[in-house]
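In: below are the sequence and a predicted model for it; my questions follow.
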Amino acid sequence: MRKTLIALMFAAALPTVAMAVPQDGGPMGGPDGGWSHGGQMHRIHGKGPYSQLDLSREQREQIRKIMGEQMHERKQTVEKYLEKLSPADQKAMKDEMAANHKKAESDVRAVLKPDQQKKFDEIQKKQAERRAEWAEFKAWKAQQPQKAQ
């Protein structure tokens with residue numbers, strides 16, 4: 001019963017999340033430069049955050065491997081904690097996923113040349129700014145129904 005309820009909650013939330021994504025595809029640069037559901041980049045050398053780095057074929061393959069491993073670790077983390085959704089477990093899952101993401105970013109950065117690292121850092125900064133703006137908007141929107149009452 002509990003698993004069914006959780007699955008229904010996720011299923012109900014997905015359309016809302018899909019509609020909330022900005023038209024340009026959000027922080028990862030859109031569907032052409034972001035991630036597929038299988039965890040592989042659509043175009044690591046096309047549109048998206050890595051397209052501006054002038055990556056060699058070897059770098060693209062290394063980054064693709066790093067990102068694939070990171071996505072696999074994320075999936076394992078979600079499965080591990082999904083059955084135990086107490087608040088403490090939810091926090092632990094978020095913390096572990098954030099640590100895995102930071103490690104993957106660090107590994108990607110290590111593959112890059114110094115000039116590419118500079119550009120990568122700029123991209124990361126812009127993405128962080130967009131995430132902060134999005135969080136600010138969500139907080140503002142959450143307060144709107146309260147003001148109407």
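Out: Perfect, I can see it now. What you see is a predicted model; the values in this text were computed from it and never measured.

In: Pro49 against Lys125, yeah?
Out: No - Pro49 is beyond contact range of Lys125, at 11.3 Å (criterion: C-beta atoms under 8 Å). Just so you know, the C-beta spots here come from the backbone N, C-alpha and C atoms, and that holds for glycine as well.

In: those two: who's more crowded?
Out: The neighbour comparison of Pro49 against Lys125 (other C-beta atoms under 10 Å) goes to Pro49, with 21 against 10.

In: sketch out the low-pLDDT regions of this structure for me.
Out: Within the chain, the ranges that satisfy pLDDT under 70 run 1-47, 147-149.

In: show me what the helix of greatest length in the chain is packed up against.
Out: The residue-count maximum for a helix in the chain (DSSP state H) belongs to helix 114-148. For helix 114-148, the packing partners by 3 or more C-beta pairs under 8 Å, 6 or more residues apart in numbering; DSSP states H and E come out as helix 87-111.
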